[in-house]
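A.B. asks: The sequence and its predicted three-dimensional model are supplied below.
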Amino acid sequence: MAEVVLSLRDFRVGFKTSLGDVAAVRGVDLDVHAGEIVGVVGESGSGKSVTFLGMMGLLPRSATISGSATVRGTELVGASTKTMRGVRGKRVAMIFQDPLSALNPTHRIGNQIVEMIQAHQDLPKKAAMARAVELLDIVGIPQPDQRSQQYPHEFSGGMRQRVMIAMAIANDPEVLIADEPTTALDVTVQAQILEVMQRIQRDLGTAIVLITHDLGVVARVASRVQVMYAGRAAERATVDDVFANSMHPYTRGLMASLPGAERARLIPIPGSPPNMLRPPPGCSFAPRCAHAVAACTVGEPPALVAIGPVETACLRAGELYAEVPTHA
Amino acid sequence: MLRFVLRRLFWSVPMIILVTFLVYVALRLGTDPVKSYLRVNQRASDKKIQQYIEANGLYTGVGGYLRGYFQWLTGFLTGDWPRSIKGSREVWPEFKAAMFNTLRLGLVASFIGITIGLCLGIFVALKPGSLRDTTVNTGAFIAVSTPPYVSALLLQLVFAVYWSRWFGEPLFPTSGVYPPGHQGFDPFLMLKHMALPVLVVVIQVVAVYARYMRASLLETLNSEYMRTARAKGISERRVLVRHALRNALIPIVTVAAIDIGAILGGLIITERIFSYPGLGDFFLGAYENGDFPQLMPWMFFFTLVVIVFNLLADVSYAWLDPRIRLD
Amino acid sequence: MTDLQQPLSDDLLVVTDATQGLTSESVSPARLAIRRYLHHKGAVVALVVLSTMALFVILAPLTARYGVNEAVFKTSAARPNQFLPPQSVAWFGTDDIGRDLYSRLIYGLRVSLLIGLVSALMGTIVGVSIGAAAGMRGGRIDDVLMRVTDIFLAFPFLVTLLIARSFLSSVSWLEPITGPVTSVRFVIVLFVVFGWMVVARIMRGQVLSLKEREFVEASRALGASNTRIVVKHLVPNSIGPILVALTFSVSGAIVAESTLGFFGYGPQPGAGQTSLGNLVGGAKGALLPGYWWLVVFPCVTLVLVALCVNFIGDGLRDATDPKLDMGGH
């Protein structure tokens, strides 16, 4: 397997709020290898976005971060401002869910990309602008020359996300973190954006972390998947194994609620994610789980355990795996 | 943009006429120039009164008001202004002098006030919820809730009345531009006389702008493009100046242009208390005497200023914020 | 005045984002609003202070030490009662004819609070109606109406107030409504005439933004009339901004009354009464002779009342602002 570029170990994020301390991310491990696309899947509130925002130091001051996050050996947790600035935009770039609010409305598109380039490369303005136009061309924006002189509000949603991608790849980063990049877009445009990202990964060899709540998106482009629930990893495997051999009731629930050809109706997961001010003891999913037994609701939350090709954080994974056939 | 400005300018003409006509009617009814005239010239003959009515277009009835208004407007625009009722003086020279006095006071106070206010707003918005934020916030809230005459009275009490009791002479004078009987130009004396009125206006302006700036900057600081900017790996200083401050100042510019009326309002009250011979003093003096020929130009001038600054606000907003399209 | 965002919004938004289950134990909107109001310390203190003052004012015959026009004691050459500095017989000192300032402040505040509340309430009702009508109708008339009110609002308020005052007082057939120019009723009518504009603008903005929303479209599709839509949907959904505007117009009216009083154009509420404006106006004459208590106490009372009402308005804005909603996006 290829070299590991991004590695999280026991990564934790907490927030101090007026209502009490909230543990939003509670010990996450993840390895991202060079040139692969990893999907990170979970409901809103599962801590998937907070994990990576926290890693990049982009959370408000009320957030406390611990554990370890390294980019090819560079530790990010507790790193100096200087180190972080060298990593942000240069080695790890990010794109966000809503490209309209993520782009500065009063700056021209070209200038926003130029700012990214000049932050890390010693290029004169003119050359940087030429590079920006070239990047816009790469992500498939027609007439990049003129478009670079326009403002974000003059672009459509899909085009804005292309601009975000162009900006993100400006310094040829090792990892691209895409935080729900297609959620705000139309289905047809979603497909186009995913295609652009796949092309980036193929042509530039950039590793991509694709954060999404949509298993369908992951199935289309990712090679590996990490499912998150209530600030912890619930399951981890290759895309094929997750779909074929998932052993975590939550992942199965997610798949059952996914529109598909074989099933006549969708089965929603009952209930809602736990209150993170007071997470339940034991497995966080137990209150919503149809297979939960008494042992599930006591003690520490279960850790990931490899069972066959799949790593699952479920006490009953072994029995259930034998008991219930999966949907594949 | 040019087309927008031209069209707005074109539309502002009927707007000015409509507003000043409403003001004309209100003033004609409210001050009743004929009555004011009679008050000053108690033995005027019927013929004299009739003459006065003709000369000033003070006809009655709906048609009479319209005719009178346009007669007044023509005279006003051609520089043929009716004389004041009290003392039968020319209005323009006094108006002009008052205007310059107000301009001097207003510009100095606005400049100082806006500068300090913006800086304070930035200073506290960078640390929301901190002690300095709470302090400035509460202070600004108190200042905004304090009418200018209250701060003026309290300042006069301390720096003039009680200061002279404690130290023999007042620190700052409480009225006028110069001491009574002073001749010629003396910048130091003038500044000394301006100190308290400027301070009163500055307190208000600082409070208002600190609050505006804080709110506006907090909003930009909380917006998502700030995260994008930080994710670029540029310096925090550049993030704040190029992305946050620049965008936060855009609405402030607009507010500043529209706020001109509020600043002038504060000036009116302040001028009166300090017997400062500016436009506010001019207005209140004319109002007391029911002096229609003095009030009308004043109101016309203000309508003009308000409309022009409203236009300026729109244009500057469109110019600064590419999202706004004028059409 | 733009709103002051409270600093708590910042981390709460992120946290609700991260932990959406936070408010899963459902809390009614009213409870939530109260909770948010209580979070605004200034607003809570202001409410307590203002309630205390209101209590004093309502119980004026008990709380005041003297009648409104009663001298603290009979004056004599040996023991004059005028301009006494604060002392045990008159806590806030006495005025030019020996009346107790403390008692007069209580009686004056009574009149001023009444003016503030009544005129703000009536002005808000008028403003909401006109604003809603303008917003629902739209078109040319709405345009012109709003532009003209814009200009009047941009004038210094004292100017508009004074001109409206002389206009109202000279139209003889309005006399039965307004009463004489020096009456309290006149000032209330004046403030209503003046005060509806701000509320109308706010209401119009609300109507314009709510009008396109699905629930309004739905009830229109079901055949509801404009009036019904306004009363059933638009007003209830705008209750937050309306309440905030109402609060600010209370303090606006109290300050305006004092301003008029200060310049000698305020109500002269008859022999048996006084108002904050009267008392603040009296401070002018007391300044140069150095009777500081006649300046300081009325001024501080005025600022305290205005400040408390404004703080309450600020707290209400926090409490009703959906932007600060803790329910996530």
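C.D. replies: Thanks, I have the structure now. Numbering: from 1, shown residues only, chains lettered A, B, ... in the order given.

A.B. asks: closest point of the stretch 201-327 of chain B to chain C, which residue?
C.D. replies: Proximity of the stretch 201-327 of chain B to chain C (Cβ to the nearest Cβ) peaks at B:Gly265, 2.8 Å away. Any C-beta I mention is one placed from the backbone N, CA and C, and that applies to glycine too.

A.B. asks: tell me the contacts of that residue?
C.D. replies: Counting by Cβ atoms under 8 Å, 6 or more residues apart in numbering or on different chains, B:Gly265 touches C:Phe155, C:Pro156, C:Phe157, C:Leu158, C:Val159.

A.B. asks: Which helix or strand contains B:Ala152?
C.D. replies: helix B:148-156 (DSSP states H and E).

A.B. asks: Is any residue of that helix near chain C?
C.D. replies: Yes. Helix B:148-156 lies within reach of chain C by Cβ under 8 Å from any Cβ of the partner chain, at B:Tyr149, B:Val150, B:Leu153, B:Leu154, B:Gln156.

A.B. asks: Now do the contacts for the fourth one.
C.D. replies: Contact criterion Cβ under 8 Å, 6+ apart gives C:Val295, C:Val296, C:Cys299 as the residues in contact with B:Leu154.

A.B. asks: lowest average confidence, helix or strand, in chain A?
C.D. replies: helix A:317-323 (a mean of 69; mean pLDDT, DSSP states H and E).

A.B. asks: distance of the residue nearest the centre of chain C from C:Leu121?
C.D. replies: Nearest residue to the geometric centre of chain C (Cα atoms, centre = their mean): C:Val250, 0.9 Å. For C:Val250, the distance to C:Leu121 (Cβ to Cβ, to the nearest Å) stands at 8 Å.

A.B. asks: Over to B:Leu320?
C.D. replies: Going from B:Leu320 to C:Leu121 by Cβ to Cβ gives 40 Å.

A.B. asks: what does B:Gly63 give?
C.D. replies: Going from B:Gly63 to C:Leu121 by Cβ to Cβ gives 39 Å.

A.B. asks: Ok, A:Pro259 next?
C.D. replies: In terms of Cβ to Cβ, A:Pro259 sits 55 Å off from C:Leu121.

A.B. asks: Have a look at the two and say which one is more surrounded.
C.D. replies: Neighbour comparison, A:Pro259 and C:Leu121: the larger count goes to C:Leu121, with 16 against 8 (by other Cβ atoms under 10 Å in any protein chain shown).

A.B. asks: And the residue nearest to the more buried one when sequence neighbours are not counted, what's its pLDDT?
C.D. replies: Computed as Cβ to Cβ, 6 or more residues apart in numbering or on different chains, the closest residue to C:Leu121 that is not its neighbour in sequence is C:Leu246, at 7.1 Å. Per-residue confidence (pLDDT) for C:Leu246: 94.

A.B. asks: correct me, but C:Leu246 touches C:Met122?
C.D. replies: No. Look at C:Leu246 against C:Met122 with Cβ atoms under 8 Å: they stay out of range, at 10.5 Å.

A.B. asks: For those two, indicate the residue with more neighbours.
C.D. replies: More crowded of C:Leu246 and C:Met122, by other Cβ under 10 Å: C:Leu246, with 22 against 18.

A.B. asks: The more buried one belongs to a helix?
C.D. replies: Yes. Under DSSP: H, G, I helix; E, B strand; the rest coil, C:Leu246 falls within a helix.

A.B. asks: contacting residues for it?
C.D. replies: Taking Cβ under 8 Å, 6+ apart as the criterion, C:Leu246 is in contact with C:Ala120, C:Leu121, C:Thr124, C:Val199.
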